[in-house]
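Undergrad: please find the sequence and the predicted model below.
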Amino acid sequence: MPRATYTALEYTDMILIYGESQGNKALALRTYRERYGDTRTCPRNPRTIVLAVQRARENKPLVAHQEGVPPQQIPTAREQQILDYFDRNPTLSLHRAACQFRVCRRTVQYMWFHLMPLAFINVVYKIIFRSIIKDKFIIFLSKNIMIFRLYNTHVIS
């Protein structure tokens with residue numbers, strides 16, 4: 001089952017009720033359910049309340065910082081399928097690709113902004129070295145609309 005997430009206010013109320021119950025975790029859970037059972041998601045077991053108290057004692061944040069957390073890990077073969085999918089269908093949305101491959105949209109977004117540019121740079125280098133003599137060329141990368149223009153460029157190896 002998915003793990004319940006609580007707000008800072010809910011964790012604070014859990015800690016206050018734990019103090020009111022003089023450290024009795026079972027009583028704290030029962031009291032929390034009596035007070036907030038209708039309006040909030042209540043913890044399933046008293047361990048949630050005890051862990052919140054422990055985080056407060058250790059001066060750690062009550063609510064984990066979720067921004068910047070790396071996306072879920074998916075197999076390399078699946079990553080390659082998603083990248084190939086965007087090569088074939090460059091105008092499709094990230095949401096549609098996430099639904100198609102049954103992964104989180106954030107995972108596809110991470111791949112789009114971190115893995116696609118690396119693949120694109122490799123392609124650009126290959127094209128530059130193949131077309132040293134040409135005066136100008138333009139490369140379009142599907143959805144990002146990244147345009148590289150090189151005019152009268154000489155590549156020296």
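TA: Yep, that arrived.

Undergrad: how about the secondary structure of residue 22?
TA: coil (DSSP: H, G, I helix; E, B strand; the rest coil).

Undergrad: neighbours of it, how many?
TA: Residues lying near residue 22 (other CB atoms under 10 Å) number 8. Yep, even glycine has a C-beta here, placed from its N, CA and C like the rest.

Undergrad: same question for the one 4 residues further on.
TA: Neighbour count for residue 26, taken as other CB under 10 Å: 11.

Undergrad: name the nearest residue to it, ignoring sequence neighbours.
TA: Leaving aside its chain neighbours, residue 26 sits nearest to residue 46 (5.7 Å; criterion: CB to CB, 6 or more residues apart in numbering).

Undergrad: ok, residue 29 next?
TA: Nearest residue to residue 29, sequence neighbours excluded (CB to CB, 6+ apart): residue 46, at 4.4 Å.

Undergrad: list the contacts for that neighbour?
TA: 25-26, 28-29 (CB atoms under 8 Å, 6 or more residues apart in numbering).

Undergrad: among the residues you listed, which two are most distant?
TA: Longest distance between any two of these is 7.2 Å, between 26 and 28; criterion CB to CB.

Undergrad: so where's this protein uncertain?
TA: Low-confidence segments of the chain, defined by pLDDT under 70, are located at 1-4, 65-72, 90, 114-157.

Undergrad: strands of that one, start to end?
TA: Ranges of strands within the chain are 136-141, 146-151, based on DSSP state E.

Undergrad: who are the contact partners of residue 85?
TA: 92, 97, 100-101.

Undergrad: report the buried members of those.
TA: 97, 101 (16 or more other CB atoms under 10 Å).

Undergrad: let's have the contacts of residue 85 in TSV, adding distance to residue 33.
TA: Output for the contacts of residue 85, formatted as TSV (distance: CB to CB, whole Å):
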residue	distance to residue 33
92	46
97	42
100	41
101	40
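
Undergrad: how close does the nearest residue to residue 25 once chain neighbours are set aside get to residue 95?
TA: Using CB to CB, 6+ apart and skipping residues adjacent in sequence, the residue nearest residue 25 is residue 46, 3.6 Å away. For residue 46, the distance to residue 95 (CB to CB, to the nearest Å) stands at 39 Å.
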